[in-house]
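Colleague: quick one, what's the 3D model for this:
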Amino acid sequence: MAELEWSNHPIVERPTDEEILLLANGSQADKELLKQWHKQYHKRIEASEEDPLNSGFTLEPWEHAEHSLGNYSTTMIYGGNRSSKTEFSSRAVVKAALSNPNSEIVCFAQDADASVRIQQRAVFRYLPPEFKKKSKSEMEYLNFTHKNGFTGASFILPNGSTVYFHTYSQFIANRGKFEGLELGSKTPKWHNLGLWLDEYLEDGDLVETMRFRLATRNSKLLISFTPIDGHTPFVASYLKDAETLQTRKAELLNNEDVPFVQVNHKKDAGIVYFHSALNPFGGYERIRKELQHSPREQILTRAYGIPVKSMTTLFPLFSTNVHVCSELPDLSPETHTIYQVVDPAGARNYVSIWAAVDQHGYVTVLREWPDEQTHGRWAEFGDPKWKFGPASKKIGHDVRGYVELFDEVEEELDVGVFERIGDSRFFASENDDNIDLFDQFADHDMHFVPSDGRNENMGLAALDEWFKYNPNAEIDAANRPIIQIHESCGNLIYSILNYGAQGKKDEPLKDFIDALRYLRMANHGEGPEHYDSQSIGVIRRTTGGY
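Modeller: Numbering: from 1, shown residues only. Alright, predicted model coming up:
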């Protein structure tokens, strides 16, 4: 018999060379068996390619992601390179649209090109063959080309389900366009998926807005993300307090245990890490070869989908799990000395932080103004550069207004400020009456000293020292960073996570970084110190406090 050609496949098992040789040289019945084996083998492969939804293969991470969709309102997929996160997500969209009648499902991508080239093509690939033909009727509309994607960036199935494709910039430009949507299905027969966000790099505003669109039909949110450049505070908020349910050995990290499945009960979210090695179609051997001598952080991200700090960040060790606290220390003159730092601006609100230094030199940032919870983001991610957010919009305080505002914050904290530090250059600028800010605040009995004027890079390097700890050892009294930041300081935390000294691209993030830098360079660069109230009087502006 003529020699049969066997295609290679990573999952479907073909006979061994020995089995092929034995059957090919055997009886006529053996030869017929080999032909049937060959036919069925290639028929199985062909079916998986023609109809991957019904005849494809379910990978191990997909099983955990489906379980998460069934048990939590949000499912987050962090994927390494070629880890199949897009394949699973597009398959879930199609399965939900087909299984749940009259669904409304919205898919978001980074931009129009990514939407067509990646997201829409993947969704089309998972439509069963009978739905891939152009159709246009009263209840059904579907037209797709590989060049342009779905006509109208949407399609309607015979069961009334509609899938829409949008970009994040469309949401930013016109939020009203998304009002009135009722995502998901009223009568779901499978996981009631309503929203898929792919490569979501924004600050969470879209999620908060669309959450109300999901609530009406109790539908699910799916987020897929490859954390190549680290993670945003939005992502960090899901990782904080996450409980690891299952780990796997990381071959490229000497078989150390890395997260595989997690749950964040506070967020009602399941988190699944799609490891590149678990996708037999993704070319893992090439990925493995490329990464085997790479830094640990890059391996974690590229091979295991684990978010680490951005490669460009100035503060690579900063972690919301380590440096952010949910409770303030018990403050008293005996245990803590309070500092305030103000970084003013002419066209924007002044930025201020309050910090406490204890008798061992550990620093806790207590409060910020303007705070994120009340005033929104100080800086927002844009394309291609950062932009100032709502918190920066000038409220219109004069010096007296700021004095009253600072007094209110300190009354609420119940503290007296020992030293106030102001940006040396801006505070020294004189107004039309030749009076600088030092004198203007002093006229209201609020006295500031100038910030350290040394090189900015020196201050940033010194600030980075505050964040250092041993990430490979347990956090305890001996292994802890010098600084912690209270969780209410959202704008400061956001700035630390994302500021990379990229000039004008991330300039809006700089204000809160400057305020923290001025604090670090207090006391002639040695950093703020604790002074016992018995040895020096505390300078106070409020009647309360200690």
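Colleague: so Val93 touches Val106, yeah?
Modeller: No: counting by C-beta atoms under 8 Å, Val106 is not a contact partner of Val93; they are 9.7 Å apart. Where C-beta positions appear, they are placed from N, C-alpha and C, glycine not excepted.
Colleague: intersection of neighbour lists for those two?
Modeller: Here Val93 and Val106 share the contacting residues 163, 196, scored by C-beta atoms under 8 Å, 6 or more residues apart in numbering.
Colleague: list the contacts of the helix or strand where Val403 lies.
Modeller: Taking DSSP states H and E as the criterion, Val403 maps to helix 399-413. By C-beta under 8 Å, 6+ apart, the surrounding residues in contact with helix 399-413 are 328, 331, 340, 342, 350, 352, 354, 366-367, 369, 397, 416-417, 437, 440-441, 443-444, 446, 541-542, 544-545.
Colleague: give me the buried subset of those residues.
Modeller: The neighbour count (16 or more other C-beta atoms under 10 Å) marks 331, 340, 342, 350, 352, 354, 366-367, 369, 416-417, 437, 440-441, 446, 541-542, 545 as buried among these.
Colleague: ok, which stretches of the stretch 251-400 of the chain are strands?
Modeller: Ranges of strands in the stretch 251-400 of the chain, per DSSP state E, counting those that start in this stretch, are 256-264, 269-274, 324-325, 336-343, 351-358, 363-369, 379-380, 387-388.
Colleague: now the helix holding Val403 - C-alpha only, PDB.
Modeller: C-alpha atoms of helix 399-413 as PDB (Å, rounded to 0.1, in the frame of the first residue of the first chain):
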ATOM      1  CA  VAL A 399      -4.400  81.100  50.400                       C
ATOM      2  CA  ARG A 400      -7.100  81.600  53.100                       C
ATOM      3  CA  GLY A 401      -9.200  78.800  51.500                       C
ATOM      4  CA  TYR A 402      -6.300  76.400  51.500                       C
ATOM      5  CA  VAL A 403      -5.500  77.300  55.200                       C
ATOM      6  CA  GLU A 404      -9.100  76.400  56.100                       C
ATOM      7  CA  LEU A 405      -9.000  73.300  54.000                       C
ATOM      8  CA  PHE A 406      -5.700  72.100  55.600                       C
ATOM      9  CA  ASP A 407      -7.200  72.800  59.100                       C
ATOM     10  CA  GLU A 408     -10.200  70.700  58.300                       C
ATOM     11  CA  VAL A 409      -8.100  67.700  57.200                       C
ATOM     12  CA  GLU A 410      -5.900  68.000  60.400                       C
ATOM     13  CA  GLU A 411      -9.000  68.300  62.600                       C
ATOM     14  CA  GLU A 412     -10.400  65.100  61.000                       C
ATOM     15  CA  LEU A 413      -7.100  63.300  61.500                       C
END
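Colleague: tell me the mean pLDDT for that helix?
Modeller: Averaging pLDDT along helix 399-413 yields 97.
Colleague: please apply the same query to stretch 283-292.
Modeller: 93.
Colleague: contacting residues for the nearest residue to Gly527 once chain neighbours are set aside?
Modeller: Nearest residue to Gly527, sequence neighbours excluded (C-beta to C-beta, 6 or more residues apart in numbering): Arg520, at 5.8 Å. Arg520 makes contacts with 459, 462-463, 466, 527, as judged by C-beta under 8 Å, 6+ apart.
Colleague: now with 6 Å?
Modeller: By C-beta atoms under 6 Å, 6 or more residues apart in numbering, the contact set of Arg520 is 462-463, 527.
Colleague: the helices in the stretch 401-546 of the chain, which residues?
Modeller: Here the stretch 401-546 of the chain has its helices, by DSSP state H, counting those that start in this stretch, at 424-428, 437-442, 456-466, 490-498, 510-520.
Colleague: Throw those into a markdown table and include distance to Leu317 and mean pLDDT, thanks.
Modeller: Below are these laid out as a markdown table (distance: least, C-beta to C-beta, whole Å; pLDDT from 0 to 100):
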| stretch | distance to Leu317 | mean pLDDT |
| --- | --- | --- |
| helix 424-428 | 28 | 93 |
| helix 437-442 | 35 | 96 |
| helix 456-466 | 8 | 90 |
| helix 490-498 | 11 | 90 |
| helix 510-520 | 15 | 96 |
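Colleague: for His9, which of those is the nearest?
Modeller: Among the helices of the stretch 401-546 of the chain, the nearest to His9 by C-beta to C-beta is helix 490-498 (43.0 Å).
Colleague: check which helices and strands that closest one sits against.
Modeller: Contacts defined by 3 or more C-beta pairs under 6 Å, 6 or more residues apart in numbering; DSSP states H and E place helix 490-498 against helix 510-520.
Colleague: run the last query once more with 7 Å
Modeller: Helix 490-498 sits against helix 233-239, strand 363-369, helix 372-375, helix 510-520, with contacts defined as 3 or more C-beta pairs under 7 Å, 6 or more residues apart in numbering; DSSP states H and E.
Colleague: nearest to Lys133, out of the ones you listed?
Modeller: helix 233-239 (39.6 Å).
Colleague: buried residues in the very next helix or strand once past that closest one, which are they?
Modeller: Using DSSP H and E, the next helix or strand after helix 233-239 towards the C-terminus is strand 243-250. By neighbour count with 16+ other C-beta under 10 Å, strand 243-250 contains the buried residues 248, 250.
Colleague: could you do stretch 110-117 as well?
Modeller: By neighbour count on 16+ other C-beta under 10 Å, the buried set for stretch 110-117 is 110, 115-116.
Colleague: what's the answer for stretch 380-390, then?
Modeller: Result for stretch 380-390 [16+ other C-beta under 10 Å]: buried residues 380-381, 386, 388-389.
Colleague: give me the low-pLDDT residue ranges for the stretch 1-150 of the chain?
Modeller: Along the stretch 1-150 of the chain, segments meeting pLDDT under 70 span 1-2, 138.
Colleague: domains of the chain?
Modeller: Domains of the chain are assigned by automatic domain parsing as 1-50, 57-83+228-308, 84-225, 320-520.
Colleague: now do the same contact list for Asn148.
Modeller: The contact partners of Asn148, taken as C-beta atoms under 7 Å, 6 or more residues apart in numbering, are Val116.
Colleague: that should have said His9, apologies.
Modeller: Neighbours of His9 in contact, by C-beta under 7 Å, 6+ apart: Ile45.
Colleague: could you do the one 5 residues further on as well?
Modeller: Contact partners of Arg14, counting by C-beta under 7 Å, 6+ apart, are 6, 41.
Colleague: Asn159 now?
Modeller: 101-102.
Colleague: identify the single longest helix in the protein, thanks.
Modeller: Assignment by DSSP state H gives helix 28-50 as the longest helix of the chain.
Colleague: who are the packing partners of the helix or strand just after that helix?
Modeller: Helices and strands here follow DSSP H and E; after helix 28-50, the next one along the chain is helix 52-55. Judged by 3+ C-beta pairs under 7 Å, 6+ apart, the packing partners of helix 52-55 are helix 85-99, helix 121-126.
Colleague: tabulate those helices (CSV), appending mean neighbour count and distance to Glu251.
Modeller: Listed next are the helices and strands packed on helix 52-55 as CSV, based on neighbours: other C-beta atoms under 10 Å; distance: least, C-beta to C-beta, whole Å:
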stretch, mean neighbour count, distance to Glu251
helix 85-99, 24, 20
helix 121-126, 20, 28
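Colleague: spatially central residue in the protein, please.
Modeller: Centroid check for the chain by C-alpha atoms, centre = their mean gives Val235 as the closest residue, at 2.7 Å.
Colleague: hmm, it is touching Val308, no?
Modeller: No: using C-beta atoms under 7 Å, Val235 makes no contact with Val308, being 11.1 Å away.
Colleague: list the contacts for Leu516?
Modeller: By C-beta under 7 Å, 6+ apart, the neighbours of Leu516 are 353, 463, 492.
Colleague: mind checking which of the residues you listed are buried?
Modeller: Counted by 16+ other C-beta under 10 Å, those give 353, 463, 492 as buried.
Colleague: redo these as a markdown table? Include distance to Lys31.
Modeller: Formatted as a markdown table, those follow (distance: C-beta to C-beta, whole Å):
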| residue | distance to Lys31 |
| --- | --- |
| Ile353 | 81 |
| Leu463 | 76 |
| Leu492 | 75 |
